[in-house]
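1. predicted model and sequence follow; I will ask about them next.
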Amino acid sequence: MTTTPSRGRRRAPSRIERAAGKAAALQKPRVILAGLLLLALTSVLLLDGYLRAEVGGDQRVRTGAGASKVPDDILGGGPILTFRGGRATTVSVPDKTIVLTFDDGPDPTWTPQVLEILEKYDVPGTFFLVGSMVARHPGIVKDMVEQGDEVGIHTFTHVDLSYQSDARVDREMEQTQLALAGAAGITTTLFRAPYSSRTDAVDDYSWPVYQRLGEDGYTSVFVDTDSDDWKRPGVSKIIEWATPEDGEGASVLFHDAGGERSQTIAALPAYIKKMKAAGYTFTTISGAMREESAAAREASGQQQAGAGTGAGTGDEAAAGAAGGGLQAAHREATGMSLYEGKALVAAVAVAEWTVPVLSVGLAVVGVAVMGRFGMMLVLARRHHRKRNRRRFSWGPAVTRPVSVIVPAYNEKECIANTLESLARSTHPIEIVVVDDGSTDGTSEISREAAKALGMTNVRVIRQENAGKPAALNNGVRNAGCDVVVMMDGDTVFEPDTVRHLVQPFADPKVGAVAGNAKVGNRDTVIGAWQHIEYVMGFNLDRRMYDLLRCMPTIPGAIGAFRRDAVLEVGGMSEDTLAEDTDITIALHRAGWDVVYQEHARAWTEAPGSLKQLWSQRYRWSYGTMQALWKHRGSLTDKGPSGRFGRVGMPLVVLFQIVTPVFAPLIDVFTAYSMIFIDFRAALLAWLAVLGVQLVCAAYAFRLDREKYRYLLMMPLQQLAYRQMMYLVLIHSCVTALTGGRLRWQKLKRTGEVGTPAGVS
């Protein structure tokens with residue numbers, strides 16, 4: 001054994017320590033950002049669901065209730081209910097006068113057609129708008145107001161207010177007012193309750209609602225004549241049912257939204273012509289109230305113009321004549337109401353674009369994931385049958401010695417176990433331990449362990465701390481064999497691992513071989529999760545990538561390389577955190593084949609805490625992004641380099657970056673569907689996806705001859721890993737965008753993974 005003298009104790013803090021400290025300082029804000037993005041997504045989804053009455057929707061409609069508490073003069077009164085001076089009063093539409101009212105809009109298809117007809121025939125309309133629709137289609141409302149039509153509130157989500165609490169009633173009204181402010185810069189004093197009809201239908205449950213809203217200054221509007229156009233009875237029936245009897249005035253109900261309204265659009269021009277021919281005039285609710293007030297003054301001999309208060313009297317009402325200025329029921333929105341309304345409309349616009357895009361993205365990712373599962377099963381089976389058939393051979397058996405390089409940094413807990421496992425190797429090896437500036441006596445422990453085991457084939461090389469790539473390159477330079485096996489300092493090999501690992505080098509086209517990394521500390525929840533991930537997510541993938549000839553990564557825990565191939569591509573690069581991915585891609589681009597050897601097993605100690613797991617996955621994901629970006633030129637290359645660029649790189653981007661970023665959508669949409677739409681259907685869909693994953697995992701476990709009991713942890717593993725990998729990838733993306741750099745990070749080890757013989 002030879003050593004390179006240590007140059008003494010490192011100065012504190014070192015460059016590595018400063019980089020690690022800086023990374024730790026930046027980590028928290030990036031995690032917070034990732035959490036905020038997920039929160040924003042959830043908020044957008046909830047807002048979109050609220051607009052569509054999926055969240056907080058209430059389909060109950062009260063019928064058959066008594067009206068003993070409702071005054072008789074209200075039940076038998078006109079369609080306009082006011083509370084002037086605190087006293088309930090109804091107003092009738094004057095004879096030979098029609099108030100065209102439209103409910104449930106605005107609708108992007110039907111409302112513009114209604115507005116076009118009203119403008120063509122110079123007829124005003126009064127539209128009772130659903131707040132959520134106003135927020136979704138603000139431009140239509142703005143056109144409506146500018147055309148001189150009148151608008152009223154039809155609640156925000158079209159619920160029966162008689163079932164709702166006072167707080168919900170206030171919220172329905174306030175949110176609709178904000179939507180109107182954001183869309184057209186106005187608020188309104190008119191209100192029509194969903195599912196209302198004539199005043200004689202007011203009952204003991206809805207009456208308190210009208211009273212309360214009247215105290216707040218609202219005028220409630222009912223109907224005299226209902227076209228029942230929502231029933232789609234035909235144009236002639238709609239016209240017949242909308243026509244008042246004996247020249248009476250009427251508040252007439254049509255619908256400009258809420259369903260297919262082609263019959264309404266066809267009936268409306270004919271109805272207007274018919275009523276004009278019969279001597280009728282058309283006005284708005286405010287206009288009808290103004291005419292009633294004028295008639296009352298004339299009857300009582302009062303000639304003073306402008307007397308009275310409320311939404312339909314005085315000079316303000318006169319200014320609201322159809323076609324000019326604000327309608328009498330409208331108020332100009334100012335101050336915070338205006339800005340809050342614009343913010344609401346903007347938020348809704350974001351939700352209207354975001355949710356459909358995310359839904360499409362989720363569907364694409366879902367199809368891709370299912371396709372990947374299917375492809376993995378087919379190709380993994382083909383790979384297993386091809387490599388395990390009796391006549392399969394890589395060529396003449398490889399029996400020459402190989403060099404095993406063990407980079408080590410503060411591995412005092414594990415290095416002795418690693419060397420002990422190598423001492424049992426059935427293949428001739430030389431061992432090069434590269435101590436990368438350890439401060440815990442790793443090099444001394446290595447020498448003592450080798451001596452105790454009687455190993456004369458071990459060299460311990462000590463260097464200043466420079467990182468894992470530098471340690472591996474140092475090992476390659478000092479290797480005495482043409483094939484080098486690289487392993488981590490916390491990993492143990494089975495006796496036949498090296499022998500299996502180097503056999504593919506009988507094929508001169510093979511430049512590197514990926515081994516089968518196994519989790520040794522799998523008896524904890526986190527360990528079991530990673531065990532599933534290694535067997536299914538890594539090894540099943542590697543079988544697929546092997547057959548596609550685009551293996552993206554040789555695991556650092558177990559991999560073998562032709563020494564000349566490593567030197568040809570410039571050795572292990574320090575350009576990325578994923579030196580294993582970097583060199584694997586470089587070998588592909590240089591024309592070497594990279595294969596997977598399932599029988600070469602290595603047992604490694606996986607991170608034992610979520611913090612350590614986060615640190616490892618962060619390094620992996622960020623390093624993978626760096627490596628892909630570094631080798632982006634392969635996308636346009638020809639030959640083997642182009643093959644990897646156009647086959648391997650898209651697969652890695654899709655399944656290691658894009659899919660994990662979108663993965664939380666699965667849980668968010670599933671939870672949303674369970675809570676607000678259809679619990680049973682959503683649960684069955686989620687279980688179906690989980691079932692497909694379990695089938696793939698079970699097959700992977702079968703190929704690796706693993707115990708199925710660990711699959712009981714898979715449902716929880718799927719939930720936990722999706723969220724963590726999302727956060728990790730967002731963290732990595734932010735790091736990449738901000739130009740951050742990290743160094744080789746040392747995970748805390750316990751040394752609990754001993755010799756392979758003790759692992760079950």
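-> That came in fine, so what should we check first?

2. okay, and the residue most central in space within the chain sits in which element?
-> Nearest residue to the geometric centre of the chain (C-alpha atoms, centre = their mean): L665, 3.7 Å. When elements are assigned from DSSP states H and E, L665 belongs to helix 659-672.

3. pull the CA atoms of that helix into PDB?
-> Only the C-alpha atoms of helix 659-672 are listed here, as PDB (Å, rounded to 0.1, in the frame of the first residue of the first chain):
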ATOM      1  CA  THR A 659     -43.500  14.200 -15.200                       C
ATOM      2  CA  PRO A 660     -42.300  14.700 -11.600                       C
ATOM      3  CA  VAL A 661     -43.100  18.400 -11.900                       C
ATOM      4  CA  PHE A 662     -46.700  17.700 -13.000                       C
ATOM      5  CA  ALA A 663     -47.000  14.700 -10.700                       C
ATOM      6  CA  PRO A 664     -48.600  16.700  -7.700                       C
ATOM      7  CA  LEU A 665     -51.400  17.600 -10.100                       C
ATOM      8  CA  ILE A 666     -52.500  14.000  -9.900                       C
ATOM      9  CA  ASP A 667     -53.000  14.300  -6.100                       C
ATOM     10  CA  VAL A 668     -54.400  17.900  -6.300                       C
ATOM     11  CA  PHE A 669     -56.900  17.000  -9.000                       C
ATOM     12  CA  THR A 670     -57.800  13.700  -7.300                       C
ATOM     13  CA  ALA A 671     -58.400  15.400  -3.900                       C
ATOM     14  CA  TYR A 672     -60.400  18.100  -5.700                       C
END
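
4. before we move on, what SS does S403 have?
-> What DSSP: H, G, I helix; E, B strand; the rest coil gives for S403 is strand.

5. surely it meets P428?
-> No: S403 is beyond contact range of P428, at 10.5 Å (criterion: C-beta atoms under 8 Å). For glycine as for every other residue, the C-beta is placed from the backbone atoms N, C-alpha and C.

6. okay, those two: which has more neighbours?
-> Shown here are S403 and P428; by other C-beta atoms under 10 Å, S403 has more neighbours (23 against 13).

7. check contacts around the residue lying closest to the more buried one once chain neighbours are set aside.
-> The shortest distance from S403 to any non-neighbouring residue, by C-beta to C-beta, 6 or more residues apart in numbering, is to A479 (3.7 Å). Residues counted as contacts of A479 (C-beta atoms under 8 Å, 6 or more residues apart in numbering) are 403, 405, 430, 432, 563.

8. now the second one: closest residue in space, sequence neighbours ignored.
-> It stands for I405. Once flanking residues are discounted, I405 sits nearest to G475: 3.4 Å by C-beta to C-beta, 6+ apart.

9. so for G148, what's the pLDDT?
-> Looking at G148, its pLDDT reads 94.

10. element containing it, please.
-> Using DSSP H and E, G148 sits in no helix or strand.

11. same question for F102.
-> Assigned by DSSP H and E, F102 belongs to strand 97-105.

12. repeat for A288
-> Per DSSP H and E: A288 is located in helix 285-300.

13. re the thing from before, now the residue nearest to the centre of the chain. Nearest residue, chain neighbours left out?
-> Nearest-residue entry for L665: L362, 4.8 Å, with adjacent residues in sequence omitted and distances by C-beta to C-beta, 6+ apart.

14. next: M674.
-> Nearest residue to M674, sequence neighbours excluded (C-beta to C-beta, 6+ apart): A682, at 4.5 Å.

15. beyond whichever strand or helix holds that neighbour, next helix or strand please.
-> Using DSSP H and E, A682 sits in helix 679-703. Next helix or strand after helix 679-703 toward the C-terminus (DSSP H and E): helix 714-737.

16. which helices and strands does that following helix pack with?
-> Applying 3 or more C-beta pairs under 8 Å, 6 or more residues apart in numbering; DSSP states H and E, we find helix 714-737 packed against helix 15-51, helix 525-532, helix 610-630, helix 659-672, helix 679-703.

17. could you give the average pLDDT over that helix?
-> If you average the pLDDT over helix 714-737, you get 77.

18. what about that helix, distance to the chain center?
-> The gap between where helix 714-737 is centred and where its chain is centred comes out at 12 Å by C-alpha atoms, centre = their mean, to the nearest Å.

19. list the buried residues for that helix?
-> 714, 717-718, 720-735 (16 or more other C-beta atoms under 10 Å).

20. repeat that for stretch 610-623.
-> Going by 16+ other C-beta under 10 Å, stretch 610-623 has these buried residues: 612-623.

21. cool, stretch 558-578 as well?
-> 558-563, 565-566, 569, 571-578.

22. now do stretch 86-98
-> Under 16+ other C-beta under 10 Å, the buried positions of stretch 86-98 are 88-94, 97-98.

23. any idea which of those residues is the one closest to T283?
-> The closest of the buried residues of stretch 86-98 to T283 turns out to be T97 (C-beta to C-beta; 5.9 Å).

24. roughly how far apart are R168 and V221?
-> 21 Å (C-beta to C-beta, to the nearest Å).

25. the two: who's more crowded?
-> Per other C-beta under 10 Å, whichever of R168 and V221 has more neighbours is V221, with 27 against 17.

26. V355 reaches L45, doesn't it?
-> Yes: using C-beta under 8 Å, V355 is in contact with L45, at 6.2 Å.

27. quick one, phi/psi of the residue nearest to S403?
-> phi -70, psi 140 (degrees, to the nearest 10).

28. quick one: it from E240, how far?
-> 97 Å.

29. now swap in G77 and tell me
-> G77 sits at a distance of 25 Å from E240 (criterion: C-beta to C-beta).

30. looking at those two, which has the bigger crowd around it?
-> Applying other C-beta under 10 Å to G77 and E240 shows that G77 carries more neighbours, namely 20 against 14.

31. verify the contact between the more buried one and V70 for me.
-> No: judged on C-beta under 8 Å, G77 makes no contact with V70 at a distance of 10.5 Å.

32. number of nearby residues for the residue nearest to I405?
-> For G475, using other C-beta under 10 Å, the count is 24.

33. the residue nearest to M674 contacts T670, doesn't it?
-> Yes: if you go by C-beta under 8 Å, A682 and T670 touch, sitting 5.5 Å apart.

34. of the two, which one has the most company?
-> Remark: of A682 and T670, A682 carries more neighbours, 18 against 15, as counted by other C-beta under 10 Å.

35. after the lowest-mean-pLDDT helix or strand in the chain comes which helix or strand?
-> Using mean pLDDT, DSSP states H and E, helix 314-318 stands out as the lowest-scoring helix or strand of the chain, at a mean of 37. On the C-terminal side of helix 314-318, the closest following helix or strand by DSSP H and E is strand 330-332.

36. low pLDDT regions in the stretch 301-450 of the chain?
-> Residues of the stretch 301-450 of the chain meeting the criterion pLDDT under 70: 301-326.

37. whoops, the chain was the one
-> For the chain, the ranges with pLDDT under 70 are 1-31, 33-34, 38, 54, 295-297, 299-326, 737-760.
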